[in-house]
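In: coords please:
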Amino acid sequence: MTAHYQVHGDVAVITLDNPPMNGLGLSTRQGIARALEQAIEDAAVRAIVITGAGKAFSSGADIKEFGSPKAYQDPNLISVINALEASPKPVVAALHTVVMGGGLELSLGCHYRITAPGASVALPEVKLGLIPGAGGTQRLPRAIGVEPALNLIVSGEPVKSELLAQIPGQKLFDKLAASADSLMDEALALAREAAAKHAAGEPLPRLRDLPCKHPQGDGYFQFARNMVRGMAKHFPAPVKCVDAVEAATKKKFDEGMAYERETFVNLMMTPECMALRHLFVAERAASKIPDVPADTPQRTVAKVAVIGAGTMGGGISMNFLNAGIPVTILEMKQEALDRGLATIRKNYEAQVAKGKLKQDIYEQRMALLSTTLKYQDIADADLVIEAVFEEIGVKEQVFRQLDAVIKPGAILATNTSTLDVNKIAAFTQRPQDVVGMHFFSPANVMKLLEVVRGEKTAKDVLATVMAIGKKIKKTCVVAGVCDGFIGNRMIEQYSRQAGFLLEEGCTPQQVDQAIEKFGFAMGPFRMGDLAGNDIGWAIRKRRYVEKPHLRYSKTADLLCEMGRFGQKTGAGWYDYAPGKRDAIPSPVVVEMIERHRQALGITPRQIADEEIVQRLVYALVNEAAHILEEGIASRPSDIDMVYLTGYGFPVHRGGPMHYADFVGLFNVAEAMKRFARNPHDDAQFWQPAPLIRRLLAEGKTFADLNR
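Out: Here you go, the predicted model:
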């Protein structure tokens with residue numbers, strides 16, 4: 001049972017009990033409906049209280065039933081809310097901790113509401129590409145006024161109950177309880193008071209009966225629509241929220257409800273909503289490792305050491321300092337330490353200047369940071385993260401030293417982006433304690449953390465690193481060992497295609513603009529300039545030795561030979577004015593590309609944006625299919641998480657694998673065959689991966705593999 005029924009004298013109490021967040025799944029809705037009927041039929045019961053067990057009143061929809069028929073099966077949420085509202089006996093909602101989505105809508109259908117202090121109240125549906133679908137856009141404006149309601153609905157962000165209680169004339173809360181402990185006693189008292197009023201002939205208050213208007217009317221809604229449209233970009237839901245709240249001010253309540261429902265159902269079928277719902281489920285799935293049970297014991301991580309005070313080392317350290325975990329940074333030279341420390345201070349001071357960080361918090365964080373030049377000083381660290389130069393010989397020196405001094409049972413992590421974690425683990429006598437923790441630059445900002453599982457990495461090490469990743473607010477995705485893991489292995493194919501497009505007739509600007517119009521945060525050439533073109537150059541030099549058969553466009557090497565490494569040198573694929581990051585098309589680069597084309601004997605052709613986007617995106621998809629086949633990633637949705645949180649893939653398209661399903665795998669494979677016939681491309685690469693061929697033969701999609 002996920003809803004319990006108890007009688008306290010003359011008051012019936014219905015308690016939602018569907019851990020962890022009292023999601024309103026089918027069995028919970030059925031339980032509420034049954035308990036309500038029981039309370040109405042019991043002559044001894046004069047009033048009803050509904051509350052939630054544990055750490056939430058209710059977070060709304062049950063994640064476990066997401067997208068399944070159960071989510072809409074009768075009694076659906078609207079039916080349950082209507083039944084509560086129509087109850088002949090007063091219904092009091094006793095709210096606490098988390099009151100979100102359908103949970104808030106459920107409470108809005110009750111006659112009275114009492115809240116414990118500190119409850120987080122939200123209608124977060126917009127974050128899933130939807131509008132509230134069980135009366136939220138119609139009842140909330142009547143409860144707290146049009147503007148506060150619209151702000152809450154369009155942002156989807158939680159607001160504390162005390163703030164909402166301060167809104168003049170609000171009818172959301174009839175009472176603020178003194179504390180969480182006294183909530184139930186005060187709710188029972190409010191229910192008895194309501195029963196007495198009702199017995200004396202006072203009608204039961206319903207939010208639906210309240211007036212709903214805005215003094216500026218059309219003018220306000222047009223202003224709100226313009227504001228929201230500018231911020232919402234690719235997403236239709238925020239503007240639809242404005243339309244639905246406007247309907248609350250112009251239509252009768254039942255007509256407004258019908259409009260909300262129709263809008264909700266239509267949005268459910270949009271590609272943007274499907275992408276956001278996929279992202280929501282994918283993010284939760286990524287934290288689950290198939291053969292590492294959720295109850296795997298974890299190692300204690302109370303002290304962290306970071307080897308290297310460069311850009312990565314400093315950024316990695318800040319993540320732990322922000323989470324209140326002490327960090328010691330180790331460097332070989334004092335000036336490198338001083339430089340690294342100055343950068344960390346500068347980053348924090350910029351946040352203080354912008355009002356994003358309080359001065360005292362900044363000081364607390366810096367107090368957790370210590371530095372050293374000696375390995376002995378980090379001997380008692382629980383987790384050591386190496387962030388030194390990306391060269392196997394350098395890594396070997398570090399790991400041999402760590403193995404000699406660090407205490408047994410400590411986790412030794414490498415931040416390598418492409419090197420073999422098994423090889424690195426073999427430099428120690430404790431390969432079971434070695435793991436990859438691949439942060440993305442800037443490490444204190446980027447959400448993605450690729451957790452690289454070596455052949456011998458212990459399960460408790462994985463479980464600990466996943467938990468610590470969550471603590472430092474990262475999205476963790478587990479990858480197996482291969483060159484480049486998930487993200488960088490795929491981006492290499494994307495970059496190769498970008499190079500071939502230059503040889504065939506594109507300019508860097510045309511390629512960047514096409515993929516940015518598709519929704520990427522940054523095109524491949526602007527991205528190269530930001531990261532440093534010399535990084536890719538070093539990797540290609542290694543490739544020429546290890547994989548001589550793999551073909552690259554020589555344009556990127558020619559660029560580096562000109563010393564154009566990107567923003568750091570003021571010139572890369574683009575020119576940069578001193579102190580500015582604006583990418584200015586470079587005639588020098590265009591000339592270099594044209595000369596290279598002539599040397600190859602290629603006549604440039606006009607290339608449509610559609611072809612640019614398909615070649616770049618489908619290159620990611622095909623390589624990802626090989627990655628899945630080899631077991632480097634557990635599921636397609638993990639690959640989507642890597643690209644959405646680490647590589648600027650457009651969120652409204654749901655990641656490369658979700659997008660391939662949306663386009664249709666048949667269409668993707670047909671395009672690949674077409675690209676294979678291009679004499680200037682790599683025919684071998686464009687053979688659809690065996691996994692794609694298999695899914696096509698079985699009539700399946702990547703989404704089927706997530707299940």
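In: show me which helix or strand of this protein is least confident by mean pLDDT.
Out: Every helix and strand in the chain was compared by mean pLDDT, DSSP states H and E; the lowest is helix 533-546, with a mean of 88.
In: wait, a strand at V92?
Out: Yes: counting by DSSP: H, G, I helix; E, B strand; the rest coil, V92 is located in a strand.
In: all strands of the stretch 51-200 of the chain, in order?
Out: Taking DSSP state E, counting those that start in this stretch, the strands of the stretch 51-200 of the chain run over residues 91-95, 98-100, 112-115, 120-122, 159-160, 175-176.
In: burial-wise, tell me which of the ones you listed comes out on top.
Out: Ranked by mean neighbour count under mean count of other C-beta atoms under 10 Å, those are led by strand 91-95, which reaches a mean of 28. (C-beta placed from N, C-alpha, C; glycine too.)
In: could you dump it to PDB, C-alpha only?
Out: Below are the C-alpha coordinates for strand 91-95, written out as PDB (Å, rounded to 0.1, in the frame of the first residue of the first chain):
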ATOM      1  CA  VAL A  91     -10.000  18.300   3.300                       C
ATOM      2  CA  VAL A  92      -6.800  19.800   4.800                       C
ATOM      3  CA  ALA A  93      -3.400  19.300   3.100                       C
ATOM      4  CA  ALA A  94      -0.600  19.200   5.600                       C
ATOM      5  CA  LEU A  95       2.400  20.200   3.600                       C
END
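In: give me the sheet partners of that strand and which way each runs.
Out: Using DSSP bridges, the strands paired with strand 91-95 are strand 47-52 (parallel), strand 112-115 (parallel).
In: any chance of a markdown table for these, columns mean pLDDT?
Out: What follows is these, written out as a markdown table (pLDDT from 0 to 100):
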| stretch | mean pLDDT |
| --- | --- |
| strand 47-52 | 98 |
| strand 112-115 | 98 |
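In: distance to A625 added to the ones you listed, as TSV?
Out: Shown next, in TSV, are these (distance: least, C-beta to C-beta, whole Å):
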stretch	distance to A625
strand 47-52	43
strand 112-115	50
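In: in stretch 546-560, what counts as buried?
Out: Y552, S553, T555, A556, D557, L559, C560 (16 or more other C-beta atoms under 10 Å).
In: okay, and which of those residues map to helices?
Out: T555, A556, D557, L559, C560 (DSSP state H).
In: relative to A53, which of these is nearest.
Out: Nearest to A53 out of these is A556 (C-beta to C-beta; 59.2 Å).
In: does that closest one touch R496 like I think?
Out: No: assessed by C-beta atoms under 8 Å, A556 is found out of contact with R496, at 9.6 Å.
In: neighbours of V49, just the number please.
Out: Neighbourhood size, V49 [other C-beta atoms under 10 Å]: 26.
In: one more: C476?
Out: C476: 24 surrounding residues under other C-beta under 10 Å.
In: quick one: contacts for it?
Out: Shown in contact with C476 (C-beta atoms under 8 Å, 6 or more residues apart in numbering): A286, S287, L449, V451, V465, M466, G469, K470.
In: and the next element down the chain from the helix or strand that contains the fourth one?
Out: Element membership for V451 (DSSP states H and E) is strand 448-452. Scanning forward in sequence from strand 448-452 by DSSP H and E, the next helix or strand is helix 459-471.
In: just the buried positions in that next one, please.
Out: The neighbour-count check on helix 459-471 (16+ other C-beta under 10 Å) flags D460, V461, L462, A463, T464, V465, M466, I468, G469 as buried.
In: the third one contacts P290, doesn't it?
Out: No: taking C-beta under 8 Å as the contact criterion, L462 and P290 are not neighbours in contact, 11.3 Å apart.
In: Provide a list of residues in contact with L644.
Out: L279, V651, G654, G655.
In: and if we set it to 6 Å?
Out: By C-beta atoms under 6 Å, 6 or more residues apart in numbering, the contact list for L644 reads V651, G655.
In: what's it sitting at in phi/psi?
Out: Per-residue torsions, L644: phi -80, psi -30 (degrees, to the nearest 10).
In: so it versus A633, what's the distance?
Out: Remark: distance between L644 and A633 (C-beta to C-beta, to the nearest Å) = 14 Å.
In: next, give phi and psi for the residue of the chain positioned farthest from its centre.
Out: When distances are taken from the C-alpha mean of the chain, A200 lies farthest, 52.6 Å away, according to C-alpha atoms, centre = their mean. Torsion angles at A200 (phi, psi; degrees, to the nearest 10) stand at phi -80, psi 10.
In: mind pulling up the pLDDT for it?
Out: Looking at A200, its pLDDT reads 96.
In: hmm, back to that, out of the buried residues of stretch 546-560, who's nearest Q364?
Out: C560 (43.1 Å).
In: neighbours of the residue nearest to the closest one when sequence neighbours are not counted, just the number please.
Out: Nearest non-adjacent residue to C560, counting by C-beta to C-beta, 6 or more residues apart in numbering: W537, 4.3 Å away. W537 has 17 neighbouring residues, counting by other C-beta under 10 Å.
In: N347: which of the contacts of C476 is nearest?
Out: Of the contacts of C476, the one sitting nearest to N347 (C-beta to C-beta) turns out to be L449, at 18.8 Å.
In: check contacts around P148.
Out: Counting by C-beta under 6 Å, 6+ apart, P148 touches I167.
In: with D638 instead?
Out: When contacts are counted by C-beta under 6 Å, 6+ apart, D638 touches A286, V477.
In: ditto for G579
Out: For G579, no contacting residues are found, by C-beta under 6 Å, 6+ apart.
In: which pLDDT value goes with the residue lying closest to P688 once chain neighbours are set aside?
Out: Leaving aside its sequence neighbours, P688 sits nearest to A669 (C-beta to C-beta, 6+ apart; 4.5 Å). pLDDT, A669: 98.
In: in which helix or strand would I find A669?
Out: Using DSSP H and E, A669 maps to helix 665-676.
In: elements contacting that helix?
Out: If you count contacts as 3 or more C-beta pairs under 6 Å, 6 or more residues apart in numbering; DSSP states H and E, helix 665-676 packs onto helix 609-629, helix 690-698.
In: if you set the cut-off to 10 Å instead, what comes out?
Out: Judged by 3 or more C-beta pairs under 10 Å, 6 or more residues apart in numbering; DSSP states H and E, the packing partners of helix 665-676 are helix 609-629, helix 656-663, helix 690-698.
In: just name the most buried of those helices.
Out: Mean neighbour count (mean count of other C-beta under 10 Å) peaks for helix 656-663 among these, with a mean of 24.
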